[in-house]
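# Sequence and predicted structure are below.
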There are 2 protein chains.
Amino acid sequence: MSGEETITLGRYLFERLNQKPIGIKNVFGVPGDFNLVLLDKIQEVEGMNWVGNVNELNAGYAADGYSRVKNAFSADGSSIGCLVTTFGVGELSAVNAIAGAYSEHVGLLHVVGIPSTESQKKELLLHHTLGNGDFTVFHKISSLISVTTSALNDLANATAEIDRVIESAFINQRPTYLAFPSNFFDKKVPRSKLDKPLNLSPPPNNHEVQEEVLNEILSMISKAKDPVIIIDACCSRHNSTFEANKLIQLTNFKFAVTPMAKGSRDIDENDPKYVGVYLGDLSYPKSKELVEQSDLVLSLGAVLSDFNTGAFSYALPTSRVVEFHSDYTKIRNAQYPGIRMKELLQKLLESAKLKELVANNKPRDTTPLDLIQPIKLPDDHKITQAWLWSNLSSWLREGDVVVTETGTSSFGIVQTKYPKNVIGISQVLWGSIGYSVGAASGAVIAAEELDPSRRVILFVGDGSLQLTVQEISTMARHHNNTYIFVLNNSGFTIEKLIHGREAGYNNIQEWEYTDILKTFKSTNYEAFTVGNVGELSKLFKDEAFAKNDKIKLVEVKLDTFDAPENLIKQAEISSKTNDD
Amino acid sequence: MSGEETITLGRYLFERLNQKPIGIKNVFGVPGDFNLVLLDKIQEVEGMNWVGNVNELNAGYAADGYSRVKNAFSADGSSIGCLVTTFGVGELSAVNAIAGAYSEHVGLLHVVGIPSTESQKKELLLHHTLGNGDFTVFHKISSLISVTTSALNDLANATAEIDRVIESAFINQRPTYLAFPSNFFDKKVPRSKLDKPLNLSPPPNNHEVQEEVLNEILSMISKAKDPVIIIDACCSRHNSTFEANKLIQLTNFKFAVTPMAKGSRDIDENDPKYVGVYLGDLSYPKSKELVEQSDLVLSLGAVLSDFNTGAFSYALPTSRVVEFHSDYTKIRNAQYPGIRMKELLQKLLESAKLKELVANNKPRDTTPLDLIQPIKLPDDHKITQAWLWSNLSSWLREGDVVVTETGTSSFGIVQTKYPKNVIGISQVLWGSIGYSVGAASGAVIAAEELDPSRRVILFVGDGSLQLTVQEISTMARHHNNTYIFVLNNSGFTIEKLIHGREAGYNNIQEWEYTDILKTFKSTNYEAFTVGNVGELSKLFKDEAFAKNDKIKLVEVKLDTFDAPENLIKQAEISSKTNDD
C-alpha cells in the first residue's frame, strides 16, 4: 500500500458508522479482553464517544433506545445504534436485547471482538469458549436473531463485509452482527475506501408491479366513502411517517395509531383528523367505532401482535384493507413482494389521480375528539393509575421522549394524550421487562446529541426496574438528565392479574428507590416520593421540576391491584390463551 | 385414567427433581406470563421452595452456584440445579449463564414455560416472539449450549422426556433444556410413574477395554519412580474426588490441583503429599518443579484451558501422562472412548496388583510444603493484593465456600491456603464477569439447605459487582447471610493490565458500596470499609465478625494497578495472543 494513506480496519468501522446519514456519535457496550484494542479506535473518530454500559444486556437495550430516538429526530430521517461486546460471555448476555430489536424492527449493529484468526485456527482452549474448540457457536446463535451476520477472516473483503452489515442494519432496520477478530483491529486499509458512499437505499420497487398496485389502491380510494389510515410501528421504523402525514393532510382522511406507533415522528394526536389508538376491542369505544365503520383501511407498517391488536380483536374485514409494509404490499388477499411502503407512498402522493380524487375532501370534523379527559380527584386521594395517565398529558410538552415499560406503563400510556412531536418508546411486541431502563439510558444520549433541552421521561414499575437498575449508574456517570418515574405497586402487577394474584412468586424485595442515585454517587439528582394526587400535581405544576437540569427520580406509590383497564382485559385474555 | 391416582405434569417435574439423590429443594428463576401456573406446582412438593431471582442471568448463575455446592457437600455425591424462565425474553437473558454451565461442566436443568401447543400451531403473533410465527428459534439457540433438549408436545411421552432431560443433566453434569407448553402444566399423569427410579448411572465401561487400560496404567505405575496425581475440575464435577483421594492415600503419591480444582471435595491442601496449584509457568517454582520432575502424571478430569494452565505452559510430555476424563481415558496418545473416570478409578483401587505395587510407598515428606507464607505488613500500610490473599488463609475455616470472581480474585485465591473441606467456586474457563454474585446467591441457599453454619464468602471486584449487583437483593430477601468482600480498585484492573491502562473505557462509575444493602432494605446486615492492614486484620480477628449471622459486606480499598503476580503475567500473555 505504498504511497497510499491508510487507516486501521477498526477505525474504518467507526468512521463508516459516523458518516452521514448514519451519524452515530455514541457507541454502547462493555469492555472485554477481546475488544479492548478496538475500543481505542472509537476515540480516534472526531466527535465519537464510548458510552460504557454497566452490563451487556443493558448496553443492547441502550443501543436500541438510541436507534429509535435517532430515527425519530435526526434530520436525515434514519439511523441505527451500535454496541460492542466481547466474545462469548459478553455477546451472549446481549442476546435478549438483540432478539428484541429483531422482533421490534430496530436497526442496530452488534460488533463482537473475538479471538485472533490464529487462535481460532489452532482451536485453542481459550477462556470465554465452551471448551470444545468450536469458535462458531456464538456466531450461529446470533445468526438466528439477526438479519445478516459476518465473521471477518480475510482482509481482502473486510471493508466490503463491514459495509454490508452496516447497510443491511440500516435498510432493514433490524440487527446485524459483526465478529471482528482481535488481530484484525490494526490491519491497514486504504483510507480512500471511505470516500465511496455506503449504499443505504433499499432496492427500487418494480415499476410495472407498482403501477398495478397504485391503480388498484386509487380505484379503492375512488369508491370509498369513509377511509381511515392506521399508522403502525413499521411506518416510523422504516422512515415513512413523513409520507404518511403528507397523505393524511392531502386526503383529509381520518387516522388512528396502534399502541406500538403511539408517539411517532410527524404523526400528531392533536390533529382534528386523529381518532385515537386502535387496538380492537380494547380501544376507546369512539375510536373503535370510527375505525371499524370505515369502508377502506390504509394500514401503514402493521405489526399485528396480540398486545398491539387488543388480543387479535381487530374487526377489519380483509376485503377493505390495504397493508403497506417495509418489504411488500398486500391488497385484500393479494400480496406484492418487494413493493416497499416508502416508495409506494411517494408515488401515491405524486399521483395526479389521487389529487383529483381528494380535491374536495374535508376533514371529518374541525375539533379534535376529546377521547382523553383528565380524571379529577381530591388532593388527598391516593394516586390511581387512571388519574396518573390521564393527568400526565398536561405535564408533557412538545418534543418529549416517553419511555414506558411493559406492564402498567405501556398499557397506561394509551390513556395519555401526547403533545405534538412526542416520541414514544416501548416494547409492545417483545415485552422484555427491564428493557425500558436500558432503553432510556440510550435514548437520553441520543436526545442530548440532537438537542439537550429535549426531555427523556421513563415510566417503569418497581419489579421491572430491579432487573436492570444498574443502568441508572450510566446516566449518573455521564450526567444524562433523565426523569425516572418508579411506579411502586409492590411487585409484578401485570403477572398478578394474569395468574397468581396472591402468590409469593409475584412479589419482590421492597427497595428504598429514592436512595438509588445516592448509592450510585450521582452528583446531580433529586429524588421524590409521592403517594397522593396533591403531591404529584404539585410536581407537575412546578417550573423547576419541569426543567431537565438533573436526574429526577420520582417514586409513585400505587395500589398493588390498580391497573389500566386495557391491561386488566388483556390479562384475562392472556390467562385464558395459556390454558387452551 | 379411572381409578388411578394422578398428579399434574407440572408437579411431576418438580417431584422428580426433589427425589433423592438429586434432592433439589430450591428452584431459581423469574416469573413470566408463560410460566406462572407451573410455579404453583413447586410449593405443592413438600420442602420445595421458589427462590425468585431478580433477573434471569442472575438466576442462571445462582442455579450454577447451587449445583456446585450441592455436588460438593451432599451425602449422595451429586446433584444438579434448576431454573425456570419464560419464553423468549426470559430464557434468552439466561443464555450466557447456561453457556457458562456447559463450558464449566455444571449440571442444571433450564425449564422454560412456552405458549400453549394450540398457540404454536396457529403461529399466533404473540408477545415475546420474533413476530414471524416461528416458535422454534429459542429452542434452537438453547440446543447449541445444552447437552440435550426437549420441547414437550405429546402427553404420551411427556414424563419420559422429563426423565430424560433430568437424567442427562445429572449424568453429564451439563445443562439440559425443557420447553414446557403452558397448556401442559395441568395435564394429568399417573402418580405411580414416580415410583420407577430415574436412571442416574452412566453406562458401564466396556470390560475388555477397561482391562487393557488398567493393565497399561498398572504397568506404567510399576515403572514409575516419582508419579504425581493432578486433580482438575471434572474430577469433582463428575463426583470422583472420593476415589481420587483414596488413590492418593493408597499410593502415597504426591498430588497437585489446578486453579479450577482448588477447593474440591475430599482433596485436602493440608495433606503432606500436596505440592500446590499447578499451572505451568505461573505455578510457584517449587510446585512446578515437583510436578514437572515426575515421570508419571495421573491427570484426573483435566480442563486444559488457557487460564487453567498458565497460558498453555504445561511442561508434561505426553509420553508420561494418563488422562482420566468423564467420558474417555487417554494413555499417552491412545484414546479409549467410553472408559469413564469414576468406574476406572474404582477398578484401579480394587486392583490387587496396585496394592502390591504401592505396598511399600512412603509419602514424599511428612511435613506439608510451606508454599504460602502470610506476608507481614504494618497495620497502617495500605492493603495489598499479596497481603490480602496470603493472610486470608488464617480467617478461613473448615467447610467454608469461597466464591471468587474472574479477575484479581480468581487469580489471587491461588495464593490462599484452604483449610480442609473448603469448597472453591470460580469460572476460570468461561470467565463471565458478574458471575460470582449470582453464583454466591445460589451457593448460600444450597449451603443453608445442608448446614446453616457453613459460611459462603464472596470476593468480587467493583467492576464485576456492578453487572449483577441486584442479586444481593435476593440474599437480603431470604436472609441468606453471605460475606461479600468488594475489592474496590476503581475499575476493571484485569482489563487495564491487558490493554488500555489509562483508557476511559476501563473505568466505571464509583458507587457507595456500603450503601447497597440499605438501598435493598436488608433488615439484617453490617457494612464495613477497610483500607489498611490493621483494619482488615481486626475484622479477621473479631469473633463476632466470624459468625455468619447476618449479611456482611466489606469494601476493601485497593490500588488500581495492584494485582496478583500470576494475573500480571497472564495479562501480558493474553495481550500478545490477541495481536497474533
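Okay, I see it.
# what's the least confident helix or strand in chain A by mean pLDDT in contact with?
Least confident helix or strand, chain A: helix A:565-579 with a mean of 84, by mean pLDDT, DSSP states H and E. Residues outside helix A:565-579 that contact it (Cβ atoms under 8 Å, 6 or more residues apart in numbering or on different chains) are A:279, A:281-282, A:306-307, A:310-311, A:386, A:407-408, A:411-412, A:414, A:494, A:497-499, A:563, B:33-34, B:37, B:115-116, B:119, B:182-183, B:186. (C-beta placed from N, C-alpha, C; glycine too.)
# List the buried residues for stretch A:35-55?
A:35-42, A:45, A:48-55 (16 or more other Cβ atoms under 10 Å in any protein chain shown).
# Inside helices: which ones of the residues you listed?
A:36-42 (DSSP state H).
# Output those residues in CSV; the columns should cover pLDDT and distance to residue A:166.
Listed next are those as CSV, based on pLDDT from 0 to 100; distance: Cβ to Cβ, whole Å:
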residue, pLDDT, distance to residue A:166
A:36, 95, 22
A:37, 96, 20
A:38, 98, 15
A:39, 97, 18
A:40, 97, 20
A:41, 98, 15
A:42, 98, 15
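# Which members of those additionally contact chain B?
A:36-37, A:39-40 (Cβ under 8 Å from any Cβ of the partner chain).
# Identify, from those, the entry nearest to residue B:536.
residue A:36 (31.4 Å; Cβ to Cβ).
# Can you show me the strands along the stretch 201-350 of chain A?
A:227-231, A:254-257, A:274-277, A:296-300, A:321-324, A:328-331, A:334-337 (DSSP state E, counting those that start in this stretch).
# circling back to that earlier point, between the ones next to chain B among the ones in helices among the buried residues of stretch A:35-55, which is closest to residue B:14?
Among these, and counting by Cβ to Cβ, the member closest to residue B:14 is residue A:36, at 44.5 Å.
# Got the phi and psi for the closest residue in space to the closest one that isn't next to it in sequence?
The shortest distance from residue A:36 to any non-neighbouring residue, by Cβ to Cβ, 6 or more residues apart in numbering or on different chains, is to residue B:499 (3.9 Å). Backbone torsions for residue B:499, taken as degrees, to the nearest 10, come to phi -170, psi 140.
# ok, residue B:499 to residue A:33 distance?
Relative to residue A:33, residue B:499 is positioned 8 Å away (Cβ to Cβ, to the nearest Å).
# ok, these two, which is more surrounded?
The neighbour count for residue B:499 versus residue A:33, taken as other Cβ atoms under 10 Å in any protein chain shown, is higher for residue A:33 (27 against 23).
# so what's the residue of the stretch 101-250 of chain A at minimum distance from chain B up against?
When scored by Cβ to the nearest Cβ, the stretch 101-250 of chain A has residue A:182 as its residue closest to chain B, at 3.9 Å. Counting by Cβ under 8 Å, 6+ apart, residue A:182 makes contact with A:34-35, A:37-38, A:113-116, B:578-579.
# now swap in residue A:232 and tell me
A:257-258, A:260-261, A:299-303, A:308.
# let's see 7 Å
A:258, A:260-261, A:299-303 (Cβ atoms under 7 Å, 6 or more residues apart in numbering or on different chains).
# Low-confidence regions, chain A specifically.
A:1-3, A:76, A:365-367 (pLDDT under 70).
# and if we set it to 50?
A:1-2 (pLDDT under 50).
# for the residue most central in space within it, helix, strand, or coil?
Most central in chain A under Cα atoms, centre = their mean is residue A:68, positioned 4.6 Å from the mean C-alpha point. Secondary structure assignment for residue A:68 (DSSP: H, G, I helix; E, B strand; the rest coil): helix.
# now the one 10 residues further on
In the three-state summary, residue A:78 is assigned as coil, counting by three-state DSSP.
# tally of neighbours for the spatially closest residue to it that is not a sequence neighbour?
Distances taken as Cβ to Cβ, 6+ apart place residue A:239 nearest to residue A:78, at 4.6 Å, with adjacent residues excluded. Per other Cβ under 10 Å, the neighbour tally for residue A:239 reads 20.
# residues contacting residue A:239?
A:71, A:77-78, A:342.
# Could you export the contacts of residue A:232 to TSV, including columns for distance to residue A:176 and neighbour count?
What follows is those, written out as TSV (distance: Cβ to Cβ, whole Å; neighbours: other Cβ atoms under 10 Å in any protein chain shown):
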residue	distance to residue A:176	neighbour count
A:258	26	30
A:260	22	31
A:261	24	28
A:299	27	23
A:300	25	29
A:301	20	27
A:302	24	24
A:303	20	23
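# mind checking how far residue A:448 is from residue A:403?
15 Å.
# and if you look at residue A:305?
For residue A:305, the distance to residue A:403 equals 19 Å [Cβ to Cβ].
# quick one, which of these two is more surrounded?
Neighbour count, other Cβ under 10 Å: between residue A:305 and residue A:403, residue A:403 has more, with 35 against 26.
# Direction included, what does the one helix or strand the more buried one maps to pair against?
Under the criterion of DSSP states H and E, residue A:403 resides in strand A:401-404. Applying DSSP bridges, strand A:401-404 is found paired with strand A:423-425 (parallel), strand A:456-461 (parallel).
# show me what contacts the residue nearest to the centre of chain A?
A:106, A:425, A:443.
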